[in-house]
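> Attaching a predicted model along with its sequence, questions to come.
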Amino acid sequence: MANVRPIRQPRPKPVAIEARALDNLRYIRSAMERAGSFTALPGAGGIAIGCTALAAAALARHASQEYWLAVWLGEAVLACLIGVSSAARKSRKAGTPLLCGPGRKFLLGFAPPLLAGAMLTLVLYRSGTLAALPGVWLLLYGTGVLCGGAASVKVVPVMGVCFMTLGSVAMLAPAAWGNAVLACGFGGFHILFGILITVKYGG
């Protein structure tokens, strides 16, 4: 006896509209996170970092090489604490995750040059060539800001270029200029761009 097949194939079970809407919302949110800009960069934090850098430059002026290095390394640690806490506070206030989407891209671009700077600091200290440190620090910090700034607002890559330019000048300048160049970069540039970020994008 022949098998009887239905003329019409059974229709697939319909997908609930709520499930489809949730999938669409997840996709839109993910796309916006990937394409968005990292806006949690703290303007007020940048100003605070600039002020502490100017204080460090004043403390390290006319000091021995070991004391000079200790002051600026202490300033680097303090600046990291200020920057991270300020960014976390601004991100929390805006209701956006700090280490997801653009924030994660910023960190991935920013961190490697800083780690390279830390390694070079150790190498130059052991070789006794501390005079090269201001140029190295400014150049690599500017590189990190420029790379991380690709995921941030337009003023951030500009700040990175300014740091890199000053770092290049420091590489060629007399060693006696080192402390003043650091004050200009980590002090002056942070205050200037911190004010710009605060005015245009909030503190």
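Great, that's in hand. Residues are numbered from 1 along each chain as shown.
> Residue ranges in this protein under the pLDDT threshold?
Scanning the chain for pLDDT under 70 picks out 1-40, 101-102, 203.
> Show me the helices in it, by range?
Taking DSSP state H as the criterion, the chain contains helices spanning 17-35, 43-60, 65-94, 102-127, 133-148, 155-172, 178-182, 190-201.
> Point out the most buried one among those helices.
Of all these, helix 133-148 has the most neighbours on average by mean count of other CB atoms under 10 Å, namely a mean of 24. C-beta here means a position set from N, CA and C on the backbone, and glycine is covered the same way.
> chain center to that helix, what's the gap?
Relative to the mean C-alpha coordinate of its chain, helix 133-148 is positioned 11 Å out (CA atoms, centre = their mean, to the nearest Å).
> Also stretch 191-203?
With CA atoms, centre = their mean as the basis, stretch 191-203 stands 15 Å off its chain's centre.
> next one: stretch 174-185
Put simply, stretch 174-185 sits 23 Å off its chain's centre (CA atoms, centre = their mean).
> okay, it in PDB with CA atoms only?
Provided in PDB are the C-alpha atoms of stretch 174-185 (Å, rounded to 0.1, in the frame of the first residue of the first chain):
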ATOM      1  CA  PRO A 174      70.400  68.500  26.700                       C
ATOM      2  CA  ALA A 175      70.000  66.200  29.700                       C
ATOM      3  CA  ALA A 176      69.600  69.300  31.900                       C
ATOM      4  CA  TRP A 177      66.200  69.900  30.300                       C
ATOM      5  CA  GLY A 178      64.800  66.500  31.400                       C
ATOM      6  CA  ASN A 179      62.900  67.600  34.500                       C
ATOM      7  CA  ALA A 180      61.400  70.700  32.800                       C
ATOM      8  CA  VAL A 181      60.300  68.700  29.800                       C
ATOM      9  CA  LEU A 182      58.600  66.200  32.100                       C
ATOM     10  CA  ALA A 183      56.800  69.100  33.900                       C
ATOM     11  CA  CYS A 184      55.700  70.500  30.600                       C
ATOM     12  CA  GLY A 185      54.400  67.100  29.300                       C
END
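> Contacts for it, please.
Residues outside stretch 174-185 that contact it (CB atoms under 8 Å, 6 or more residues apart in numbering) are 53-54, 56-57, 60-61, 68, 72, 131, 133-135, 137-138, 141, 163, 166-167, 169-170, 173.
> try 6 Å this time
Taking contacts as CB atoms under 6 Å, 6 or more residues apart in numbering, the residues outside stretch 174-185 that touch it are 54, 57, 60-61, 131, 134, 138, 163, 166, 170.
> got it, and stretch 79-99?
Under the criterion CB under 6 Å, 6+ apart, residues 40, 42, 45, 48-49 lie in contact with stretch 79-99.
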